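A.B. asks: sequence first, predicted model second:
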Amino acid sequence: MTTPRDLMFVALDPASGRPPGQGELSLGLAGAELIDLVDAGAAELDGDHIVPAGVDAPDDALLRAAASVLVREEPYESVDDWLWRRGRDLFSAYQAALEEEGLLTRQRGRRLPFRAGSEPTLVDSPERRRAAGRLTAEEPVLTALVAAVLIHDESADGSDGSDGSDGSDGSDGFGGSDGSAESVDLPDGVEAVLAAVGDAELELAAVRQRRDVEQAAFDNIWRGV
């Protein structure tokens, strides 16, 4: 299993309260891929730039695809640029892979932000349970990615969860106190990627909020005509 696959399992689990938007999850998946590539030795970070290394990518089709599109010429690509380029429609790629493996099915049901009238539903599987176990154990990398994806998705649309609560009890929907792991020393490269994911999620939320404000202003103008 890989970190991005575990992120998909956790983010789509009903315990999350509701699934994040595709954009938020795609950015998180791109960050998770980069963390796994760095951990495997297939890439290194030189400051905020990604330098391909000589080690092969892990034996996973999507991680191999990620490794194959690393920029291999100086000045190389920044982590931020990678998140936005690789993250484009990355959710759809992982969704298709999980469906092909029988780990994700589609059911007609309540409307979700993926595809009209079609609800992605996780199948009970060892992979799903393993991902949940990593989160329950507060594995720091996965916990930080989940917090970035879900928290910034909620801030983007002003939602506070699917149950109508205001979140004042500090629960993150997974049984943790705030979606963050205890303070753990992580490699500098991992810390840098996690920080970049958080910044990218904030940028996406800001863009959406600005768009919503502009649309509301436009609607108000037409109402006054």
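C.D. replies: Received the coordinates, thanks. Numbers count the residues shown, from 1 in each chain.

A.B. asks: for stretch 189-197, what is the average pLDDT?
C.D. replies: Mean per-residue pLDDT for stretch 189-197: 95.

A.B. asks: please disregard the earlier target; I meant stretch 22-36.
C.D. replies: 96.

A.B. asks: convert it to CSV, retaining C-alpha atoms only.
C.D. replies: Taking C-alpha atoms only, stretch 22-36 is exported to CSV below (Å, rounded to 0.1, in the frame of the first residue of the first chain):
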residue,chain,number,x,y,z
GLN,A,22,-11.8,16.7,-5.7
GLY,A,23,-9.5,19.6,-5.8
GLU,A,24,-8.5,19.4,-2.2
LEU,A,25,-8.0,15.6,-2.4
SER,A,26,-6.0,15.9,-5.6
LEU,A,27,-3.5,18.3,-4.1
GLY,A,28,-3.2,16.0,-1.1
LEU,A,29,-2.7,13.0,-3.3
ALA,A,30,0.1,14.8,-5.2
GLY,A,31,1.8,15.6,-1.9
ALA,A,32,1.4,12.0,-0.7
GLU,A,33,3.0,10.7,-3.9
LEU,A,34,6.0,13.0,-3.5
ILE,A,35,6.5,11.9,0.1
ASP,A,36,6.5,8.2,-1.0
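
A.B. asks: for the chain, longest helix please?
C.D. replies: In the chain, assigned by DSSP state H, the helix with the most residues is helix 188-223.

A.B. asks: buried residues in that one?
C.D. replies: Residues of helix 188-223 classed as buried by neighbour count (16 or more other C-beta atoms under 10 Å): 189-190, 192-194, 196-201, 204-205, 208. (Glycine included, C-beta is placed from N, CA and C.)

A.B. asks: can you check stretch 4-15 too?
C.D. replies: 4-13.

A.B. asks: list the contacts of that stretch.
C.D. replies: 16, 19-20, 25, 28-29, 32-33, 36, 60, 62-63, 91, 94-95, 98, 103-104, 120, 122, 127-128, 130-132, 134-135, 142, 145-146, 149-150, 173-175 (C-beta atoms under 8 Å, 6 or more residues apart in numbering).

A.B. asks: between the buried residues of stretch 4-15, which is nearest residue 77?
C.D. replies: residue 4 (18.1 Å; C-beta to C-beta).

A.B. asks: what helix or strand is the closest one on?
C.D. replies: helix 3-12 (DSSP states H and E).

A.B. asks: residue 75: what secondary structure?
C.D. replies: coil (DSSP: H, G, I helix; E, B strand; the rest coil).

A.B. asks: gap between it and residue 205?
C.D. replies: Here the criterion is C-beta to C-beta, to the nearest Å. By it, residue 75 lies 29 Å from residue 205.
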